[in-house]
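Peer 1: Need a 3D model of the following:
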Amino acid sequence: MIRAGRVRLARTLADLARAEGRSLAAFKKNKLHKRAGHPEPISSPTARVLLWDGAQTDAYRAGQPVPPLPGDDDPADLLDQHEAAALVGLSSRSWEVHKKHADLAQHMVLVRGQEPADDFRGVEHWPRRAILDWNAARPGIGHTRGGRRVASRDALPRDEVRLRVSELLAERPDITAAQVHEQLGIHEDTASRALVALRAGRVHELLNDHPGLNARQVADRLGYHLRNATNALARARAYQRADGYRPYVDSVLTAAAAAGIQITEHSGVAVRPGGICAVAARLGGQRPATGLVWDERYGWRTDPTPDADPGLERRPPTGPGIRYLARGITPDPSDVVAQLRDRRTGTKRPGLVREPDVPQEAHA
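Peer 2: The predicted model follows:
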């Protein structure tokens with residue numbers, strides 16, 4: 001990502017080549033951006049166009065210590081497509097659709113580097129604040145009771161549902177999906193998904209300051225019925241696990257990209273409908289086409305259908321194209337990458353199965 005206030009320092013590969021007096025073709029052919037000690041790109045590992053921080057690359061060329069980038073997240077940070085999608089638990093392909101929403105489109109920034117070519121449009125980025133504000137106002141994702149009647153419609157546009165439900169929840173913490181349906185005219189399943197996500201989000205925030213709370217204490221503090229507090233607490237704990245897993249999963253995807261494995265898109269670590277933390281990625285240039293999946297029960301595996309929701313199945317998936325890589329839930333990234341590249345390795349079943357304490361979700 002481009003840290004807050006540093007967009008003027010963004011540099012493309014063409015900028016780096018120009019600064020060293022070389023053609024872009026020669027710079028790329030000799031892989032001069034991969035020399036020992038050269039700063040890493042600030043783009044996500046799967047970005048199509050890579051960017052670097054100019055302050056770091058200038059220091060490297062001058063033979064000076066490369067200064068570190070700011071480490072704390074800032075609302076003004078600029079995230080590329082893959083980072084934005086991962087931040088809110090979407091796939092990059094889904095982001096292509098959602099980015100057209102007015103609340104995102106109006107904040108989109110085209111980063112073009114220092115001296116862009118006339119035919120270079122730029123790399124799309126969005127401020128962290130705009131992404132989170134948009135995500136807070138969209139409907140959540142949760143378990144449904146079997147769908148709605150054919151041709152039934154919600155009375156509210158999809159983009160307004162979460163905002164309106166949030167307002168009702170603030171007024172009545174114990175409100176039910178049926179009551180939301182009566183007041184807003186939206187389907188009960190839609191109301192339930194929004195309530196589950198909103199309650200879990202509020203509990204997640206509460207746990208940041210009071211990590212040891214139990215369900216009864218959550219219910220007392222937020223005014224929820226005990227059943228709703230129990231479900232929200234379980235999902236909030238899953239959000240916490242997802243937060244903890246993200247740096248590790250990113251390290252594996254980064255190692256895979258560095259090893260030449262093309263990752264065309266990935267969903268980011270998210271809490272799936274089954275309450276399981278997982279990530280699914282598509283791999284390019286593989287024959288046969290395949291994907292890479294990680295979840296907190298079975299670890300890493302190849303999977304020919306990476307778009308399927310990890311977390312919904314009750315047993316470790318098996319079958320053609322599925323290989324469990326390395327051993328354990330968080331094996332060393334180099335071990336994962338080595339087995340991913342060597343199709344003779346891996347196992348048909350996971351060597352270790354960890355069952356998180358995730359109760360079956362109930363409707364709000």
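Peer 1: could you pull out the helices for the stretch 201-350 of the chain?
Peer 2: Under the criterion DSSP state H, counting those that start in this stretch, the stretch 201-350 of the chain contains helices at 215-222, 226-258, 333-341.
Peer 1: Looking at those helices, which is nearest to R129?
Peer 2: R129 lies closest to helix 226-258 among those, at 18.7 Å (C-beta to C-beta). (C-beta placed from N, C-alpha, C; glycine too.)
Peer 1: and the angle for that closest one with helix 215-222?
Peer 2: 100 degrees (axes from the mean of the first three to the mean of the last three C-alpha atoms, to 10 degrees).
Peer 1: which helices and strands does helix 226-258 pack with?
Peer 2: Here helix 226-258 touches helix 188-209, helix 215-222, strand 262-266, strand 270-271, strand 277-284, strand 290-295, helix 333-341, going by 3 or more C-beta pairs under 8 Å, 6 or more residues apart in numbering; DSSP states H and E.
Peer 1: make it 6 Å
Peer 2: Here helix 226-258 touches helix 188-209, helix 215-222, strand 270-271, strand 277-284, helix 333-341, going by 3 or more C-beta pairs under 6 Å, 6 or more residues apart in numbering; DSSP states H and E.
Peer 1: How far off centre is it?
Peer 2: 10 Å (C-alpha atoms, centre = their mean, to the nearest Å).
Peer 1: show me where this structure has strands.
Peer 2: 10-11, 52-53, 78-80, 109-111, 123-127, 262-266, 270-271, 277-284, 290-295, 299-303, 324-325 (DSSP state E).
Peer 1: which ones are touching H225?
Peer 2: Contacts for H225 (C-beta atoms under 6 Å, 6 or more residues apart in numbering) come out as D174.
Peer 1: do you know how far the residue most central in space within the chain is from T46?
Peer 2: Nearest to the mean C-alpha position of the chain, counting by C-alpha atoms, centre = their mean, stands A86 at 1.9 Å. Distance, A86 to T46, using C-beta to C-beta, to the nearest Å: 10 Å.
Peer 1: How about G275?
Peer 2: G275 is 27 Å from T46, by C-beta to C-beta.
Peer 1: Same check on R112?
Peer 2: For R112 relative to T46 (C-beta to C-beta), the value is 20 Å.
Peer 1: cool, and D73?
Peer 2: 20 Å.
Peer 1: and the nearest residue in space to the residue nearest to the centre of the chain that is not next to it in sequence, how many neighbours?
Peer 2: Counting by C-beta to C-beta, 6 or more residues apart in numbering, G268 is the residue found nearest to A86 once chain neighbours are left out, at 2.8 Å. Burial of G268 is recorded as 24 neighbouring residues (other C-beta atoms under 10 Å).
Peer 1: show me where pLDDT drops low in the stretch 101-250 of the chain?
Peer 2: For the stretch 101-250 of the chain, applying pLDDT under 70 flags the ranges 138-159.
Peer 1: roughly how far out does stretch 9-20 sit from the chain middle?
Peer 2: Relative to the mean C-alpha coordinate of its chain, stretch 9-20 is positioned 29 Å out (C-alpha atoms, centre = their mean).
Peer 1: One more: stretch 185-193?
Peer 2: 25 Å.
Peer 1: would you put the C-alpha positions of that stretch in CSV?
Peer 2: Below are the C-alpha coordinates for stretch 185-193, written out as CSV (Å, rounded to 0.1, in the frame of the first residue of the first chain):
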residue,chain,number,x,y,z
GLY,A,185,-39.7,-3.9,4.5
ILE,A,186,-36.6,-6.0,3.8
HIS,A,187,-36.6,-9.8,3.8
GLU,A,188,-36.0,-11.4,7.2
ASP,A,189,-32.9,-13.3,5.9
THR,A,190,-31.4,-10.0,4.7
ALA,A,191,-32.2,-8.4,8.1
SER,A,192,-30.7,-11.4,10.0
ARG,A,193,-27.4,-11.3,8.0
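Peer 1: which parts of that stretch are buried?
Peer 2: Using 16 or more other C-beta atoms under 10 Å as the test for burial, stretch 185-193 gives 186-193.
Peer 1: same thing with stretch 244-264?
Peer 2: 245-246, 249-250, 252-257, 261, 263-264.
Peer 1: Could you dump those into a markdown table and include distance to H204?
Peer 2: Converted to a markdown table, the buried residues of stretch 244-264 look like this (distance: C-beta to C-beta, whole Å):
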| residue | distance to H204 |
| --- | --- |
| Y245 | 15 |
| R246 | 14 |
| V249 | 19 |
| D250 | 20 |
| V252 | 25 |
| L253 | 24 |
| T254 | 26 |
| A255 | 29 |
| A256 | 29 |
| A257 | 30 |
| I261 | 33 |
| I263 | 28 |
| T264 | 30 |
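Peer 1: ok, so of the residues you listed, who is nearest V336?
Peer 2: For the buried residues of stretch 244-264, the nearest to V336 is V252 (5.3 Å; C-beta to C-beta).
Peer 1: so who does the closest one touch?
Peer 2: Per C-beta under 6 Å, 6+ apart, neighbours of V252: 333, 336.
Peer 1: what does the model give it for pLDDT?
Peer 2: With respect to pLDDT, V252 has a value of 92.
Peer 1: Run a quick neighbour tally on R341.
Peer 2: R341: 12 neighbours (other C-beta under 10 Å).
Peer 1: Out of the buried residues of stretch 244-264, the closest to L233 would be?
Peer 2: Among these, and counting by C-beta to C-beta, the member closest to L233 is Y245, at 18.8 Å.
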